[in-house]
Structure formats: C-alpha cells, structure tokens
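Engineer: this one's sequence-less:
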C-alpha cells in the first residue's frame with residue numbers, strides 16, 4: 001500500500017528514505033516490505049541501509065525476498081563520502097535502475113540519515129502508534145525540510 005501511495009504522490013521517484021521520527025524503533029521490516037512491493041510491481045527492489053543506523057537484529061539482507069522466488073533484493077552499501085556528496089549518493093542510489101528503499105535511522109538523532117534526505121527522491125517519516133508524539137513528527141518534518149529533502153508524508157506502524 002505504501003508503494004502505491006508513493007507512486008501516486010511522486011510517480012517519478014525511484015528512491016525513498018524511510019526514517020524514524022523518534023529515537024527508538026526500527027524501519028527495516030517496513031523497508032523490506034516496500035522493497036518487496038517494488039519487486040512485485042516489476043522494479044528491481046533494492047534495500048540500502050544508512051551507515052551507523054542499521055539494526056543488528058535484522059542482519060544482512062537476504063539475496064531473495066521471501067515469497068517472491070524471482071525477485072532479487074540487492075543490499076547497497078553507502079559510505080560517508082557518498083553521503084557528504086549529494087550527487088554521488090544520488091548516483092549510487094539510482095545506479096542500475098530499480099527502486100531503492102533506504103532504511104534510515106532517526107531523523108532527529110542520526111546525522112547520516114539527515115544527510116541522505118537530499119540524495120533520495122522522497123522521504124517518508126515512520127511513527128509508532130501510542131509512542132510518537134505530534135511534536136516528534138513536526139520536528140522531524142522541519143529537519144527534513146531544512147536539510148533540503150522532499151517529504152512525501154508519514155506512516156504509523158505498531
């Protein structure tokens with residue numbers, strides 16, 4: 001559903017950063033789902049992690065997406081040099097076509113995630129029901145806009 005919304009809001013987008021609006025939590029399961037949806041839609045689904053923000057509980061990305069035997073999931077490595085050079089980071093995210101989903105950290109606590117806002121096509125803030133405050137979302141939105149990112153919206157997960 002999220003991929004469909006993104007295709008309506010930003011049909012030209014081929015890279016999306018999922019970033020937390022608060023310090024705790026992880027976006028990796030949602031990022032995997034969006035990459036799987038992109039693969040089902042005919043794109044080459046790719047998952048990238050922001051340096052310093054991966055959640056070790058999820059380990060490395062699988063070579064194939066479960067339930068999609070012919071859908072490849074490529075894990076991209078982004079280094080800090082690329083993050084500091086927006087055009088270089090954008091080229092790495094768009095290399096080879098496909099749809100790149102970036103599992104980022106907290107917009108408010110991860111400078112690497114904030115740097116990446118400029119390189120991706122759109123940013124989606126991820127909040128948690130009964131945990132994320134409106135002030136968290138507003139602060140994260142303001143940070144994305146100040147960093148030069150294009151905010152597509154926010155989603156809430158359990």
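Structural biologist: Here it is on my side, so go on. Bear in mind that the values here come from a model prediction, so they are computed numbers and not experimental data.

Engineer: what's the neighbour count on the nearest residue to residue 119 once chain neighbours are set aside?
Structural biologist: The shortest distance from residue 119 to any non-neighbouring residue, by CB to CB, 6 or more residues apart in numbering, is to residue 89 (3.6 Å). Just so you know, the C-beta spots here come from the backbone N, C-alpha and C atoms, and that holds for glycine as well. Counted with other CB atoms under 10 Å, the neighbours of residue 89 add up to 24.

Engineer: so residue 89 touches residue 121, yeah?
Structural biologist: No - no contact is recorded between residue 89 and residue 121 when judged using CB atoms under 8 Å, the distance being 11.9 Å.

Engineer: Which pLDDT value goes with the one residue sitting closest to the centre of the chain?
Structural biologist: Nearest residue to the geometric centre of the chain (CA atoms, centre = their mean): residue 17, 2.6 Å. Confidence at residue 17, expressed as pLDDT, is 90.

Engineer: what element comes up after the helix or strand hosting the residue nearest to residue 119 heading to the C-terminus?
Structural biologist: Taking DSSP states H and E as the definition, residue 89 sits inside helix 86-94. Once helix 86-94 ends, the next helix or strand along the chain (criterion: DSSP H and E) is strand 99-106.

Engineer: Give me the angle between that next one and helix 86-94.
Structural biologist: Orientation note: strand 99-106 sits at an angle of 120 degrees relative to helix 86-94 (axes from the mean of the first three to the mean of the last three CA atoms, to 10 degrees).
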